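Student: Next comes the sequence, and after it the predicted model I'd like to discuss.
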Amino acid sequence: MRILGIDPGYGRTGYGVIELSGNRIRPLEFGLIETNKQLPLEQRLLQIHDSLLEIIGRRQPAALAVEELFFSKNVTTGIGVSQARGVALLAAAKTGLQVAEYKPAEVKQSLTGYGKADKQQIQEMVRIFLGLPDPPKPDDVADALAVAITHAHIAPFRAQVERKSFP
């Protein structure tokens with residue numbers, strides 16, 4: 001199963017495509033979608049949308065995994081991030097991808113065993129899980145890969161539970 005992980009932002013959207021085969025996870029592609037600061041917000045969101053559709057078309061993932069929004073300090077930034085997140089969800093809906101959402105603490109717990117892990121711990125665990133020579137940078141890319149890895153860990157169990165019928 002191929003999974004596209006997204007760390008949304010209107011200036012920089014991190015993405016990572018991984019492939020789960022049995023219990024092995026391997027990276028296929030990862031990077032940043034950076035938008036032009038000189039453009040109006042709607043044009044920046046269009047750039048993100050078009051870039052995601054191109055990545056989806058090229059890599060053919062079965063699912064899109066994204067973190068649920070969490071912001072406590074800067075509401076203005078949170079609104080922009082939520083708009084970029086909406087564009088990612090729209091791209092998933094347009095292409096028929098299954099969508100999975102995870103709380104930031106779930107992603108940290110899944111990768112490190114500790115729900116309050118810091119950015120460096122996440123980057124290092126992503127490096128280890130994917131067998132990369134160096135931790136992925138910047139944080140946006142590492143976070144996108146982390147959410148994809150989390151889905152790779154959790155999706156098989158969710159599917160198993162959904163197949164079972166409970167009285």
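Tutor: Perfect, thanks for sending it.

Student: which stretches of the chain form helices?
Tutor: Assigned by DSSP state H, the helices in the chain fall at 41-59, 75-95, 104-112, 119-130, 139-163.

Student: Now render those as TSV, adding distance to Ile18.
Tutor: (C-beta placed from N, C-alpha, C; glycine too.) TSV is the format used below for those (distance: least, C-beta to C-beta, whole Å):
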stretch	distance to Ile18
helix 41-59	10
helix 75-95	16
helix 104-112	13
helix 119-130	7
helix 139-163	5
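
Student: CSV for those helices, including mean pLDDT?
Tutor: Formatted as CSV, the helices of the chain follow (pLDDT from 0 to 100):
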stretch, mean pLDDT
helix 41-59, 96
helix 75-95, 85
helix 104-112, 91
helix 119-130, 94
helix 139-163, 84
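
Student: Format those helices as TSV; extra columns: mean neighbour count.
Tutor: TSV is the format used below for the helices of the chain (neighbours: other C-beta atoms under 10 Å):
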stretch	mean neighbour count
helix 41-59	16
helix 75-95	16
helix 104-112	19
helix 119-130	18
helix 139-163	20
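
Student: so which of those gets nearest Ala65?
Tutor: Of all these, helix 139-163 sits nearest to Ala65, with 3.7 Å by C-beta to C-beta.

Student: what inclination does the closest one have with respect to helix 119-130?
Tutor: 60 degrees (axes from the mean of the first three to the mean of the last three C-alpha atoms, to 10 degrees).

Student: quick revisit: among the helices of the chain, which comes closest to Gly31?
Tutor: helix 139-163 (6.3 Å).

Student: Run through who's touching the closest one.
Tutor: If you take C-beta atoms under 8 Å, 6 or more residues apart in numbering as the criterion, helix 139-163 is touched by 1, 3-7, 9, 12-18, 20, 25, 27, 30-32, 63, 65-67, 100, 102, 106-107, 110-111, 119, 122-123, 125-126, 129-130, 135-136.

Student: Stretch 117-135 now?
Tutor: Contacts for stretch 117-135 (C-beta under 8 Å, 6+ apart): 18, 25-27, 107-108, 111-112, 114, 136-137, 139, 142-143, 145-146, 149.

Student: Mind doing that once more with 7 Å?
Tutor: Stretch 117-135 has contacts (C-beta atoms under 7 Å, 6 or more residues apart in numbering) with 25-27, 108, 111-112, 136, 139, 142-143, 145-146, 149.
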